[in-house]
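K.L.:
coords below, sequence missing:
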């Protein structure tokens, strides 16, 4: 009787069923990482560097820093995130990118984490992207913005639909909604 080959095959099958493939480990590397008591706590320097990286690459400056896009990102950090007079007009009214340096000056870290984790705003702010970030990424953003210190003036206030904003403003004109089909009955 050839029992050894059968046992070897059974052991291999059981072993494969109990272990993860490398691709699964990579895909699930983030699961539970933030809650593991042995996860290294980032240093202040690491959080500041991460925050600057996220601000630079996530498009925050595109709206929250006047002239950033026009200068292709070549603005001194002293000018970053002080808001913009550029209005964004659409069916929702006219919104303005906030001066984040003033906004965060009035929040402690816990308040920012709560605020940013549940933020719902008017267009054009992609609040869904901020909500999707990890708490550590939002903490890094907070620490970086706070490291810049308060500067600038508050952004202009929101204008409801039907009001014409002062220039400059960007107007989003949407096509008319398609007609609703009426069922024949």
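P.N.:
Looks like it came in fine. Computed from a prediction, not measured in an experiment: that's the story for all the values here.
K.L.:
now stretch 95-112: mean pLDDT?
P.N.:
Taken as a whole, stretch 95-112 carries a mean pLDDT of 97.
K.L.:
next, the spatially most central residue of the chain: secondary structure please.
P.N.:
By CA atoms, centre = their mean, the chain has its centre lying nearest to residue 130, at 2.7 Å. With DSSP: H, G, I helix; E, B strand; the rest coil as the basis, residue 130 sits in helix.
K.L.:
distance of it from residue 138?
P.N.:
Per CB to CB, to the nearest Å, residue 130 is found 7 Å from residue 138. All C-beta spots, glycine's among them, are computed from the backbone N, C-alpha and C.
K.L.:
any residues in contact with both of those two?
P.N.:
Common neighbours of residue 130 and residue 138 (criterion: CB atoms under 8 Å, 6 or more residues apart in numbering): residue 116.
K.L.:
please report how far the residue nearest to the centre of the chain lies from residue 102.
P.N.:
18 Å.
K.L.:
please apply the same query to residue 93.
P.N.:
Between residue 93 and residue 102 the distance, using CB to CB, works out to 22 Å.
K.L.:
what are the ranges of the strands in this structure?
P.N.:
Assigned by DSSP state E, the chain shows strands spanning 87-90, 93-96, 169-171.
K.L.:
give me the residues contacting the first one.
P.N.:
With CB under 8 Å, 6+ apart as the test, strand 87-90 has contacts from 63, 94-97, 123-124, 156, 159, 165-166, 168-172, 174.
K.L.:
7 Å - rerun?
P.N.:
By CB atoms under 7 Å, 6 or more residues apart in numbering, the residues outside strand 87-90 that reach it are 94, 95, 96, 123, 124, 156, 165, 169, 170, 171, 172.
K.L.:
and what of the second one?
P.N.:
In this structure, residues lying in contact with strand 93-96 by CB under 7 Å, 6+ apart are 83-84, 87-88, 122-124, 155-156, 158-161, 163, 165, 169.
K.L.:
returning to what we had before: what sits against the residue nearest to the centre of the chain?
P.N.:
With contacts defined as CB under 7 Å, 6+ apart, residue 130 is in contact with 116, 119.
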